[in-house]
Each structure stands twice: as C-alpha cells, then as structure tokens.
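Enquirer: only geometry, no sequence info:
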C-alpha cells in the first residue's frame with residue numbers, strides 16, 4: 001500500500017490524546033455504609049465493571065475513528081499493474097485506403113471505425129491521429145470530430161511502415177501507445193518492424209463479410225481499323241461464385257454500349273468497337289464489392305501522325321517506308337551528310353540504321369532527344385565500331401556490345417510480357433516461322449530481352465523509362481544478313497518502338513504513380529498549363545521544352561475522373577486519372593502479421609483495458625467509511641451501553 005500524502009501519517013501521534021483523556025477521567029468511588037449491605041456490595045461491583053467496559057469500548061472506537069480519519073487524509077492506494085505507463089502518449093493510426101470500403105456486420109469498415117472513435121474516445125484524452133495522408137498531432141476528439149466525419153477514402157495505399165516512421169520521428173519524452181486500425185489487406189510483418197520495443201502497439205482488425213470483388217484493371221486499343229477503334233477492357237474477379245455483371249461504356253457521360261459478362265474465369269476481356277474519333281469517358285461495372293474500382297476513366301486523343309526519321313543508307317531503309325505508312329506516320333530517311341539536326345527535336349522516333357559511326361554531335365543531340373520523350377532505335381552495321389556504339393549507349397543505360405559472331409542463329413523466343421508486345425498477341429504462340437541472322441553481336445544487357453535467339457542470347461532489347469525508350473538490335477536486318485524483314489513480327493515491333501509510350505492512343509494515368517507526360521504545344525516562358533476536371537483542378541509541375549511541355553503530376557489529382565489540359569481558357573488535350581487497383585483483392589488479409597501483438601475488437605476495449613491496468617486503486621474512501629462507522633458505533637455505545 002502507498003500514500004499520496006504520507007506526511008499526514010505523522011498525525012498518528014494524536015492517538016495519544018484519547019488515551020490521556022481516558023486516563024484523567026477515571027473517578028474515585030466513595031464508600032457508603034448501610035445496615036444491610038449484602039445487596040449493595042453486589043450492585044457496586046456490577047456498576048464498576050460495566051463502567052470500565054464502556055470506557056474501554058469508547059476509547060477503542062475513538063482511537064480507530066481518529067486513525068481512519070488520518071489514513072483517509074493520507075490518501076492510501078494500491079499501485080496499478082502498469083502504473084509506470086500511465087504517462088504514455090496515445091497514437092491512433094487509421095487506415096482509410098479503398099479496401100476499407102468493404103462491408104462488415106455494421107456497414108463499411110472505415111465508417112464504422114470512425115463512428116466507434118467518435119463514440120468511445122474519452123473527451124479529455126489527448127492523442128495523435130494519423131491516416132494514409134493526414135496527420136493530427138496532440139489533439140482530442142472534439143478538435144478532430146469534423147475531420148473524422150468528413151474523412152474520405154484515400155488513393156494513397158496504406159503503408160504502415162512509413163506511418164510508423166512518422167510516429168517514431170515525433171520526439172517525445174514519454175513512451176507511446178500505438179493503436180492501429182486496419183483491415184490488414186496486404187499487411188506484412190516487415191511493416192511493423194519499425195515499432196520500438198518500448199512502444200505498445202495494439203491492433204484492431206475489422207473483418208469484411210463480403211470478400212468477393214470485381215475490378216476493371218485496364219483498357220487499351222486492341223486494333224485500329226479504318227473508321228473504328230476496337231478497344232479491350234481487362235477485368236479481374238477476386239473471390240468465388242460470381243453472378244453475371246453488367247458492363248457499360250460511356251463517352252462524355254452518354255451511354256454508347258452495354259453488355260453482360262459471365263465470370264467463368266478469374267480474368268476476363270471484353271471488346272468494344274467505337275468510332276475512330278476523340279473519346280473522353282469511362283467504362284463501368286455494377287457489382288456488390290468495392291466501388292472504387294468499378295470505373296476506369298480513359299481518353300483517346302484525336303489521331304495525330306507520328307513523326308519518324310531513319311538515318312542511314314536509303315536502300316537499306318526501304319522496308320521502313322512500308323511499315324510507317326503515310327496515313328499514320330510522317331516518315332523520312334536521311335543520310336548522315338544531309339541530316340538537319342534542327343529537325344530532330346520535332347520527331348517522335350529516330351532510327352539509326354546500320355551506321356558505322358555515331359558522331360559525337362549526334363550522340364549529344366539524341367541524349368537530349370530521349371530525355372524529352374523521344375524514342376531511339378539502334379540497328380548496328382556489320383562494320384560498326386563496338387567502342388563507338390558502347391560510348392553512345394552508355395548515355396542511356398547498361399547495354400554493351402561485345403564481340404561479333406559470324407554464324408547462323410534462329411530467333412525463337414518472344415517476350416509476350418514486354419510492353420512492346422502489349423495488346424499485339426491474343427494468345428501466346430510457340431511455333432512460328434523462325435527468322436534468322438547470319439552474323440550478330442553479343443550483347444550484355446541489364447534489361448529484359450524483347451526477342452531472343454535459340455541459345456537465349458539477346459536479339460532485341462530495350463532501355464525503357466517512363467516517357468521514352470531506346471531499342472537495340474544485336475544484328476543488321478538487311479536482306480543480305482537476315483530474313484527478319486519477311487517475318488510477321490517486324491511490323492508490330494517497329495510500330496510499337498516508334499510510338500511514344502504515351503502516344504499509344506489511350507490517355508489513362510494512375511494517381512500517385514507520378515508518370516511524366518509530354519504535351520505537344522509551344523508556350524511562352526510565362527505561360528502555365530492547368531489541368532481541370534468536374535470536381536477539382538490543379539496546376540502540375542511543368543517544364544517547357546521547345547515545342548513540348550513536360551507535365552509532372554506527383555500525387556494529383558486526388559479524385560479519379562476525366563480531366564482536360566488548358567492553356568488559360570483554351571483547351572489543349574484530354575487526360576484521365578484512375579486509382580491504383582492494389583487494394584482490389586480482399587483475400588490479401590494477413591492477420592498472421594499481427595499475431596505477436598495485442599489485438600482488440602473495438603477501440604473502447606483498448607481504452608478500458610489501458611485505464612484498468614494503469615489506474616491506481618484508491619482506498620481512502622474505505623477509511624472514510626470506516627471512520628463514519630466507528631463514529632456511529634461510538635454514539636451507540638454512549639446511548640445504549642450502561
């Protein structure tokens with residue numbers, strides 16, 4: 001037992017006062033003689049005995065009464081089990097990612113978690129609240145009530161490790177209680193390693209009753225016809241036993257196509273045919289799962305011709321004019337001697353076709369060209385200088401030419417997962433008419449091969465960045481060295497290599513992926529492009545590059561939808577933004593990651609547990625009760641004991 005005011009115990013010396021009073025109040029009895037004293041003696045003895053008992057009882061009750069009063073003022077208590085942690089600071093981490101849209105027994109997981117915080121958090125409790133994007137330091141429930149009630153789902157995925165790093169960086173002399181409210185979708189044990197050993201993490205894992213979900217993953221132009229686009233929509237089903245799902249296509253919020261999909265497999269593709277013109281809309285489904293991934297916004301810009309030039313011998317470049325046809329491309333061929341360097345920056349793709357040397361001036365120009373979003377295709381010559389090629393390629397990445405091999409080799413392997421072949425093949429094929437080369441270079445590449453020889457060596461590889469690419473062949477593909485020009489692979493390969501990564505027809509960005517985008521427009525130095533949507537607008541980071549403007553979006557916009565780029569009030573181009581689909585699979589719940597930590601069903605359970613374990617047991621009230629009890633006993637003794 002401990003005392004809050006132990007100095008009060010010195011007043012226990014006052015217990016001697018009732019004793020002294022008791023001693024000094026003793027009376028002497030006088031003897032009276034009577035003729036017959038037999039009965040009087042008996043009465044005298046009896047009276048003297050009862051008087052002594054009453055006085056002793058009164059003394060005892062008064063001593064106990066005074067002692068209890070002194071103990072009560074000293075405020076005795078029993079120390080709590082975790083009394084040293086009573087000064088801990090509270091941090092509440094609330095997951096507001098899209099997976100928290102799932103429905104539990106009492107509604108959407110996030111909305112229910114917010115309601116419990118509002119109802120069960122003590123009003124006098126100080127805490128810090130952290131969500132995926134917002135931080136509220138040293139606050140209370142009254143101050144954040146409106147923010148919690150208006151809390152939106154975040155496009156930023158729940159990254160517990162980074163949030164815990166913020167908590168750790170928040171300096172405090174006290175230990176920390178960390179309450180983490182998350183559905184544990186995609187949670188890993190490594191995410192919790194950053195928690196200090198002294199800190200106390202508690203987990204609340206709300207469970208979803210409905211884990212089935214269908215998501216629209218992507219959309220792309222599968223085929224371009226004379227007057228129509230054939231677009232393909234990719235969908236994924238997570239869970240079991242799906243009912244048929246309605247899928248609709250909207251342009252400018254007008255319904256233009258609708259169909260029903262039966263999910264007999266987990267992955268489904270559906271094709272729509274739309275007019276070959278500008279498109280600014282979305283594809284939507286109706287399911288009972290998460291709602292954030294039921295729409296995918298995309299835009300198709302007005303058809304623009306792609307500018308392509310090849311540098312090299314005209315006779316060896318004739319095959320390119322058959323690929324880059326006038327209806328889709330502005331194609332020209334130049335020799336090194338007649339090349340106009342000022343014309344290079346206007347191109348979308350430049351092909352170096354069997355140059356023996358790449359001049360230093362051209363190397364410098366092409367390096368800047370790639371940084372501004374241009375594509376470069378390198379086809380070596382049998383007489384190419386290896387050192388010159390390697391010096392040139394070192395400007396872009398880790399690809400190096402090695403020795404030349406004069407032997408026949410078959411091109412047998414296609415990397416179907418490479419972005420260059422996205423949407424090209426409906427099915428993976430293993431048997432096709434293998435092209436060959438008579439002479440080739442060995443290539444050391446840190447990047448995946450696009451096409452490979454039968455000995456697994458590289459035939460075509462590609463250095464890829466978010467806005468451009470540098471494609472490299474291992475061998476000349478003229479008709480004397482190879483029959484690759486007769487292969488059906490040549491058309492889709494060169495078509496894709498020449499297309500800028502963002503000029504594939506579909507403009508659909510993922511919020512937070514921070515992919516740069518180049519707008520074909522010439523601006524004054526003081527001009528600013530603005531991106532506007534129905535619900536929001538923002539000014540992206542921008543860099544003027546001659547006849548282009550490089551836009552960087554960072555984490556903007558916050559809301560998915562169709563947007564447009566404006567130069568003041570003049571429309572420039574349409575863009576679309578979507579949420580990442582990383583939260584769509586609700587089966588990724590990983591409760592094992594928190595198996596070594598304390599868990600609870602509700603926030604009220606945690607608050608009650610902490611209060612019970614850290615609140616001292618006050619017993620001074622019992623001493624007050626005992627003091628009153630002894631006072632009552634004293635009064636009873638005075639009144640009833642003779």
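Expert: That came in fine, so what should we check first? Please read all numbers here as calculations on a predicted model, not as lab measurements.
Enquirer: what about the closest residue to residue 381 other than its chain neighbours, distance to residue 99?
Expert: Using CB to CB, 6 or more residues apart in numbering and skipping the chain neighbours, the partner closest in space to residue 381 is residue 354 (3.8 Å). Backbone N, C-alpha and C define where each C-beta goes, glycine included. Separation of residue 354 from residue 99 (CB to CB, to the nearest Å) stands at 53 Å.
Enquirer: When these two are compared, which one has more neighbours?
Expert: Legend: neighbour count by other CB atoms under 10 Å for residue 354 and residue 99, higher for residue 99 (28 against 23).
Enquirer: circling back: the residue nearest to residue 381 against residue 380, yeah?
Expert: Yes. Counting by CB atoms under 8 Å, residue 354 touches residue 380, with 6.8 Å between them.
Enquirer: what's the overlap in contacts for those two?
Expert: Counting by CB atoms under 8 Å, 6 or more residues apart in numbering, the contacts common to residue 354 and residue 380 are residue 476.
Enquirer: ok, now which ones touch residue 505?
Expert: 220-221, 224, 229, 300-301.
Enquirer: do that again at 10 Å, thanks
Expert: 220-221, 224, 229, 231, 276, 279, 298-301, 303, 499 (CB atoms under 10 Å, 6 or more residues apart in numbering).
Enquirer: how about those, which pair is most distant?
Expert: Farthest-apart pair in the contacts of residue 505 is 279 and 499; separation 17.8 Å (CB to CB).
Enquirer: Compare these two (neighbour count), which wins?
Expert: Between residue 279 and residue 499, residue 279 has the larger neighbour count (other CB under 10 Å), namely 26 against 20.
Enquirer: that older thread, out of the contacts of residue 505, which is nearest to residue 510?
Expert: residue 298 (11.6 Å).
Enquirer: Can you name the residues that contact the closest one?
Expert: Residue 298 neighbours (CB under 10 Å, 6+ apart): 218-221, 231, 233, 279-283, 505-509, 562, 574-578.
Enquirer: Return the list of strands paired to the strand or helix carrying residue 272, each annotated with direction.
Expert: Using DSSP states H and E, residue 272 sits in strand 267-275. Sheet pairing of strand 267-275 (DSSP bridges) gives strand 228-238 (antiparallel).
Enquirer: What segments of this structure are helices?
Expert: When assigned using DSSP state H, the helices of the chain occupy the ranges 16-24, 38-73, 109-120, 141-149, 160-169, 318-323, 360-371, 386-393, 490-498, 603-614, 620-640.
Enquirer: okay, these in CSV with distance to residue 475 next?
Expert: Below are the helices of the chain laid out as CSV (distance: least, CB to CB, whole Å):
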stretch, distance to residue 475
helix 16-24, 113
helix 38-73, 98
helix 109-120, 57
helix 141-149, 62
helix 160-169, 47
helix 318-323, 15
helix 360-371, 21
helix 386-393, 13
helix 490-498, 13
helix 603-614, 66
helix 620-640, 94
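Enquirer: Tell me, how many residues neighbour residue 191?
Expert: 21.
Enquirer: Next: residue 607.
Expert: There are 17 residues near residue 607, going by other CB under 10 Å.
Enquirer: cool, and residue 60?
Expert: Residues near residue 60, counting by other CB under 10 Å, number 15.
Enquirer: Do I have it right that it meets residue 66?
Expert: No. In this structure, residue 60 is not within contact of residue 66 by CB atoms under 10 Å, at 11.1 Å.
Enquirer: what are the ranges of the strands in the stretch 201-350 of the chain?
Expert: Shown for the stretch 201-350 of the chain, the strands assigned by DSSP state E, counting those that start in this stretch span residues 213-224, 228-238, 245-251, 254-261, 267-275, 279-286, 295-300, 306-312, 329-334, 349-355.
Enquirer: Export the ones you listed to TSV and append columns for distance to residue 162 and mean pLDDT.
Expert: Formatted as TSV, the strands of the stretch 201-350 of the chain follow (distance: least, CB to CB, whole Å; pLDDT from 0 to 100):
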stretch	distance to residue 162	mean pLDDT
strand 213-224	25	89
strand 228-238	26	92
strand 245-251	35	95
strand 254-261	37	94
strand 267-275	31	93
strand 279-286	31	95
strand 295-300	27	95
strand 306-312	40	93
strand 329-334	45	94
strand 349-355	39	94
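Enquirer: So which residue is dead centre in the protein?
Expert: Centroid-nearest residue in the chain, with CA atoms, centre = their mean: residue 157, separated by 1.5 Å.
Enquirer: Could you pull up the residues touching that residue?
Expert: So residue 157 contacts 95, 97-99, 132, 185-186, 512, 579-580, 582-583 (CB under 10 Å, 6+ apart).
Enquirer: re the thing from before, now that we have the contacts of residue 298, which of them are buried?
Expert: Neighbour counting by 16 or more other CB atoms under 10 Å classes 218-219, 221, 231, 233, 279-283, 505-509, 562, 574-578 among these as buried.
Enquirer: Show me what residue 533 is bridged to.
Expert: Here residue 533, judged by DSSP bridges, has bridge partners residue 563.
Enquirer: so it touches residue 557, yeah?
Expert: Yes. Counting by CB under 10 Å, residue 533 does reach residue 557; the two are 6.5 Å apart.
Enquirer: For the two, indicate the residue with more neighbours.
Expert: Counting neighbours by other CB under 10 Å for residue 533 and for residue 557 shows that residue 557 has the greater number, 21 against 18.
Enquirer: What's the separation between that one and residue 532?
Expert: Residue 557 is 10 Å from residue 532, by CB to CB.
Enquirer: joint contacts of the two?
Expert: Common neighbours of residue 557 and residue 532 (CB under 10 Å, 6+ apart) are 538, 563.
Enquirer: burial count for residue 524?
Expert: Using other CB under 10 Å, residue 524 is surrounded by 8 other residues.
Enquirer: quick revisit: relative to strand 245-251, how tilted is the strand holding residue 272?
Expert: Relative orientation of strand 267-275 and strand 245-251, computed by axes from the mean of the first three to the mean of the last three CA atoms, to 10 degrees: 30 degrees.
Enquirer: Tell me the buried residues in strand 267-275?
Expert: Buried, per 16+ other CB under 10 Å, within strand 267-275: 268, 270, 272, 274.
Enquirer: Quick check: the gap between residue 261 and residue 391.
Expert: Distance of residue 261 to residue 391, given as CB to CB: 53 Å.
Enquirer: which one of those two has more residues nearby?
Expert: Set residue 261 next to residue 391 and count neighbours by other CB under 10 Å: residue 261 wins out with 18 against 13.
Enquirer: Show the contacting residues for the closest residue to residue 313 other than its chain neighbours.
Expert: Leaving aside its sequence neighbours, residue 313 sits nearest to residue 354 (CB to CB, 6+ apart; 6.6 Å). Taking CB under 10 Å, 6+ apart, we find residue 354 in contact with 310-313, 316-317, 378-384, 473, 476-478, 481.
Enquirer: For residue 336, find the nearest of the helices of the chain.
Expert: For these, the distance to residue 336 is smallest for helix 360-371, at 7.7 Å, taking CB to CB.
Enquirer: what helices or strands is that closest one leaning on?
Expert: Counting contacts by 3 or more CB pairs under 10 Å, 6 or more residues apart in numbering; DSSP states H and E, helix 360-371 packs against strand 349-355, strand 375-380, helix 386-393, strand 469-473.
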